[in-house]
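*Asks:* here is a sequence with its predicted model. Questions after.
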Amino acid sequence: MNATTLPINSTAMQSVDTPSAKLAFQLYVAIGIAVFRLMLIAGALFRATQAAWLPIPASFTYELMTLHGAGMVGVSGLAGAAVMWYFLRRYVRLSTGMFLAMLALALVGVVMILAAIGIGRFGGGWTFLYPLPARSMGVWGAHAAAAFVGGLVFIGVGFLLFYLDCALAILRRYGSLSGALGLDQLFGSRPLDTTLPPTVVASTMVIIINVLGILAGAVVLTMSLINIYVPEVAFDALLMKNLIFFFGHVFINATIYMAVIGVYEIVPRYTGRPWTISRPFLVSWAAVTLIVMAVYPHHLLMDYVMPKWMVVTGQVLSYLSGIPILLVTAYGALVNIHRAGLKWDLPLRLIIFSLFGWAAGVLPAIIDGMVRVNLVMHNTQWVPGHFHFYLLLGLVPMLLGTMLYACTRSQWTETALDRASFWTYGISGAVFCFVFLASGWQGVPRRFAVHDAAWLGFAQLGTVAAALVLVTALLLGVRLLARLPRASLSA
Ligand code: HEM
């Protein structure tokens, strides 16, 4: 079936394809691809340094690591927000001005972060763990640390404005956030209303968790700024670590919960079968709204001063976090595509593949979330192994597939080069992640610029795989850019 003729959710409004809205979306995609590409290069350079193939000073490697981490997390957030905006505006009235304001503030933040790293030599990691920004042992100065932390504040303010606009628009149409999350259907007298779009449920969940996460971030960033300029004002390091990890964990998780909206909206356009909500769907999203905010202590299992109940909660919730949504999404997608007579093309391949990457990446995360395993795996390359799995093979193909779809509406003529790029990206990406996992299993530490001779084989194989990912990501990015002028915001 031709996807452009398919029905969309019955509650959808006629979304307005104004030139400014279209330009805003195109800006997000173009800037997103450019930043993503640069951050891939930074990551690959870091891996090549670990492989002893690039003789650069260790302090510069930590600058690359900081740039790569902050840049990848930031661009993933912006791209996820672009997917959410693209589809949510079909159901509620969103402001293009606010969407652009988020981009403008993020760009100010990016310039500050680039200056902090490039000029000020800040290399304290995207996690700016207290009190490291203020205690560089002479490697960077107070202004560099403040520019990095201040840059994050600008980006956070941009996101807050965007979520505020989305929340107000949802409230105007659905009355309350709990109604938009379907809680009145789960716990109230209201019967199941299948006209409530999955996009609205997912967006509401993201608004709730990310506003709380960013507010916690704002508090800890302000405290860090104070400590940078007035080191005599010291804060409780455990409190700071909790705030930072709550903020960072929620923010990076929210990227995939925004991107998954593309799956709910696009798969039905290929199959001709609507994706409607069900009770398990609503239960999953409601449960994960709470779980995703409570699970972050699994990053602090080795902090012996953490209250025991928090560590136990972190471990137990790790088994549950993400799984319900992943199950309803993967199961829903499989049911939706089963015997649908699909004509596979690049956007659809990427979107379905992303569900594999997401599902497979969650498994090593759950394993590492167990105290006994964490005792050994903590701060080994098992950790970048698990998060690269669901980001590189889950989030990125989900975003890329959605954006390709937005530019082609499934009128995609697939070439042999497309197929080769897709398979090379998938296979080399998987090898890259498995090499991280294998190194972690062998006890290779994470975030080390210089690797011991015994570890070099892993790093070298990882670098070769990274180079293939780079080349194929470039090809796919160019294909997307070439079609960007044809992007359309209407269904
Ligand atoms: C070819 C692709 C990529 C390469 C070569 C690469 C490389 C690396 C390397 C070498 C590290 C440090 C590993 C260590 O701790 O020893 C790292 C960390 C990281 N990467 Fe990637 N990466 C890639 C893709 C991605 C993607 C797609 C994302 C997110 C969407 C991402 C996000 C991160 C983050 C958040 C860190 C943590 C930085 C830190 O520990 O401060 N990376 N990456």
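*Replies:* Received it, and whenever you're ready, just let me know what you need.
*Asks:* near the ligand, which residues of the stretch 51-200 of the chain are found?
*Replies:* Remark: the part of the stretch 51-200 of the chain in contact with the ligand comprises M65, H68, G69, M72, V73, S76, G125, W126, T127, using Cβ under 6 Å from any ligand atom. Backbone N, C-alpha and C define where each C-beta goes, glycine included.
*Asks:* what separation do you get for W140 and R447?
*Replies:* 17 Å (Cβ to Cβ, to the nearest Å).
*Asks:* got the buried residues for stretch 80-95?
*Replies:* Neighbour-count burial for stretch 80-95, counted by 16 or more other Cβ atoms under 10 Å, picks out 80-92, 94-95.
*Asks:* take those residues and keep only those in strands.
*Replies:* Using DSSP state E, no member of the buried residues of stretch 80-95 falls within strands.
*Asks:* closest to A30 out of those residues?
*Replies:* Proximity of the buried residues of stretch 80-95 to A30 (Cβ to Cβ) peaks at A82, which lies at 11.0 Å.
*Asks:* state the helix or strand in which the closest residue to the closest one other than its chain neighbours lies.
*Replies:* Take A82 and drop its neighbours on the chain: the residue closest to it by Cβ to Cβ, 6 or more residues apart in numbering is Y28, 4.0 Å away. Assigned by DSSP states H and E, Y28 falls within helix 19-50.
*Asks:* next one: L239
*Replies:* Counting by DSSP H and E, L239 is found in helix 237-271.
*Asks:* buried sites along that helix?
*Replies:* For helix 237-271, by 16+ other Cβ under 10 Å, it's 240-271.
*Asks:* now stretch 188-208
*Replies:* By 16+ other Cβ under 10 Å, the buried positions in stretch 188-208 come out as 196-208.
*Asks:* contacts only, for whatever residue of the chain ends up closest to the ligand.
*Replies:* Proximity of the chain to the ligand (Cβ to the nearest ligand atom) peaks at G43, 2.7 Å away. G43 makes contact with L64, H68, M72, A466, according to Cβ atoms under 8 Å, 6 or more residues apart in numbering.
*Asks:* okay, now the unreliable bits of the stretch 201-350 of the chain?
*Replies:* 322 (pLDDT under 70).
*Asks:* now do the residue nearest to K343 when sequence neighbours are not counted against V335, distance only.
*Replies:* Using Cβ to Cβ, 6+ apart and skipping the chain neighbours, the partner closest in space to K343 is Y270 (7.7 Å). According to Cβ to Cβ, Y270 and V335 sit 14 Å apart.
*Asks:* picking up where we left off before, which element follows the helix holding L239 toward the C-terminus?
*Replies:* helix 279-294.
*Asks:* so which elements touch that next one?
*Replies:* Other helices and strands packing on helix 279-294, by 3 or more Cβ pairs under 8 Å, 6 or more residues apart in numbering; DSSP states H and E, are helix 183-187, helix 198-229, helix 237-271, helix 308-320, helix 323-337.
*Asks:* can you pull the buried residues of the fourth one?
*Replies:* Just to be clear, that refers to helix 308-320. M310, V311, T313, G314, Q315, V316, L317, S318, L320.
*Asks:* again with the last one
*Replies:* When neighbours are counted by 16+ other Cβ under 10 Å, the buried residues of helix 323-337 are found to be I323, P324, I325, L326, V328, T329, A330, G332, A333, N336, I337.
*Asks:* how about the contacts made by the last one?
*Replies:* By that I understand I337. I337 is in contact with V267, Y270, T271, I352, counting by Cβ under 8 Å, 6+ apart.
*Asks:* could those residues go into JSON lines alongside distance to the ligand?
*Replies:* Converted to JSON lines, these look like this (distance: Cβ to the nearest ligand atom, whole Å):
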{"residue": "V267", "distance to the ligand": "22"}
{"residue": "Y270", "distance to the ligand": "25"}
{"residue": "T271", "distance to the ligand": "28"}
{"residue": "I352", "distance to the ligand": "19"}
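*Asks:* widest-spaced pair of the residues you listed?
*Replies:* Every pair of those checked by Cβ to Cβ; the farthest is T271 and I352, at 11.2 Å.
*Asks:* returning to what we had before: and the helix holding L239, what other elements does it pack with?
*Replies:* Here helix 237-271 touches helix 58-88, helix 198-229, helix 279-294, helix 323-337, helix 346-368, helix 396-408, going by 3+ Cβ pairs under 8 Å, 6+ apart.
*Asks:* list the contacts of V233.
*Replies:* Contacts of V233 (Cβ under 8 Å, 6+ apart): I226, N227.
*Asks:* tell me the secondary structure for it?
*Replies:* coil (DSSP: H, G, I helix; E, B strand; the rest coil).
*Asks:* then S490?
*Replies:* Following three-state DSSP, the label given to S490 is coil.
*Asks:* that one contacts D17, correct?
*Replies:* Yes: at 4.6 Å, S490 and D17 qualify as touching, with contact defined as Cβ atoms under 8 Å.
*Asks:* re earlier: among the buried residues of stretch 188-208, which two are most distant?
*Replies:* P197 and I208 (17.0 Å).
*Asks:* the residue lying closest to V431 once chain neighbours are set aside: how many residues sit nearby?
*Replies:* Of all residues not flanking V431 in the chain, A465 sits nearest, at 4.2 Å (Cβ to Cβ, 6+ apart). Using other Cβ atoms under 10 Å, A465 is surrounded by 22 other residues.
*Asks:* for the helix or strand where A465 lies, which positions count as buried?
*Replies:* In this assignment (DSSP H and E), A465 forms part of helix 456-483. Residues of helix 456-483 classed as buried by neighbour count (16+ other Cβ under 10 Å): 458-466, 468-470, 472-473, 475-477, 479-480, 483.
*Asks:* among the residues you listed, which are within reach of the ligand?
*Replies:* A466, V469, L470.
*Asks:* need these in a markdown table (columns: pLDDT and distance to I119).
*Replies:* Shown next, in a markdown table, are those (pLDDT from 0 to 100; distance: Cβ to Cβ, whole Å):
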| residue | pLDDT | distance to I119 |
| --- | --- | --- |
| A466 | 98 | 27 |
| V469 | 98 | 29 |
| L470 | 97 | 26 |
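*Asks:* ok, so of those residues, who is nearest F389?
*Replies:* With Cβ to Cβ as the yardstick, the closest approach to F389 among these comes from V469, at 12.8 Å.
*Asks:* so that closest one touches L392, yeah?
*Replies:* Yes: using Cβ under 8 Å, V469 makes contact with L392 at a distance of 7.2 Å.
*Asks:* shared neighbours, the two?
*Replies:* The contact sets of V469 and L392 overlap at G429, F432 (Cβ under 8 Å, 6+ apart).
*Asks:* spell out which parts of the stretch 301-450 of the chain neighbour the ligand.
*Replies:* Q381, P384, H388, L391, L392, L395, V396, F432, R446, R447.
*Asks:* check those residues for burial and list the buried ones.
*Replies:* Here the buried ones among those, as counted with 16+ other Cβ under 10 Å, turn out to be Q381, P384, H388, L391, L392, L395, V396, F432, R446.
*Asks:* mind listing which of those are in helices?
*Replies:* P384, H388, V396, F432 (DSSP state H).
*Asks:* could you identify the most distant pair in the residues you listed?
*Replies:* P384 and V396 (14.9 Å).
*Asks:* sticking with the closest residue in space to L300 that isn't next to it in sequence, tell me its helix or strand.
*Replies:* In this structure, L300 finds its nearest non-sequential neighbour in M306, 5.1 Å apart by Cβ to Cβ, 6+ apart. Here M306, judged by DSSP H and E, is contained in no helix and no strand.
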